[in-house]
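Peer 1: With the input below, show me the fold.
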Amino acid sequence: MFELFVQRRFNAVEMSGITHTLSIANDVVGAPRFATRIISDMPGLVQGIGDVLVRAAPAIDDHGFGDVMVVLGGGMSPLAPGPGGCVQCSGCGVPWCC
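Peer 2: Residues are numbered from 1 along each chain as shown. Take a look at the predicted model:
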């Protein structure tokens, strides 16, 4: 079971790429061996970028997780431009200069 963990403003193109790839794998194998389930920490309707909606089941800690979890987070980047054109992580403040 592949679980797709979504949060608000997830990228629908990424989700589509994953589900389509698994669908092709099922076609190649000739059996439905690669199942998917959409889950979220905020279950119900979750809105992605571009007004895409998915219905997500609840993700409950330590209970019934699938074999593989793919996390499709929101559209916000943790990187923010810093002084002198550097980019730094907003979480830990470590700079990366180009």
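
Peer 1: Now do the contacts for Asp67.
Peer 2: Asp67 sits next to 1-2 when contact means C-beta atoms under 8 Å, 6 or more residues apart in numbering. Just so you know, the C-beta spots here come from the backbone N, C-alpha and C atoms, and that holds for glycine as well.

Peer 1: Do a quick rundown of the strands in this protein.
Peer 2: 2-6, 36-40, 44-47, 53-58, 68-72, 79-81, 87-89, 95-96 (DSSP state E).

Peer 1: can you give me how far the longest one is from the chain middle?
Peer 2: For strand 53-58, the distance from its own C-alpha centre to the chain's C-alpha centre is 12 Å (C-alpha atoms, centre = their mean, to the nearest Å).

Peer 1: wait, which of the strands of the chain is closest to Thr19?
Peer 2: strand 36-40 (5.9 Å; C-beta to C-beta).

Peer 1: and the closest one, what does it pack onto?
Peer 2: Strand 36-40 sits against strand 2-6, helix 12-29, strand 53-58, with contacts defined as 3 or more C-beta pairs under 8 Å, 6 or more residues apart in numbering; DSSP states H and E.

Peer 1: Check the offset of it from the chain's centre.
Peer 2: 10 Å.

Peer 1: Parallel or antiparallel, list what pairs with it.
Peer 2: Strand 36-40 has its sheet partners listed here by DSSP bridges as strand 2-6 (parallel), strand 53-58 (parallel).

Peer 1: and that strand, average pLDDT?
Peer 2: The average of the pLDDT scores along strand 36-40 is 93.

Peer 1: Mind listing residues that contact it?
Peer 2: With C-beta under 8 Å, 6+ apart as the test, strand 36-40 has contacts from 1-7, 18-19, 22, 46, 54-59, 66.

Peer 1: now with 7 Å?
Peer 2: Strand 36-40 is touched from outside by 1-7, 19, 22, 46, 54, 56-59, 66, with contacts defined as C-beta atoms under 7 Å, 6 or more residues apart in numbering.
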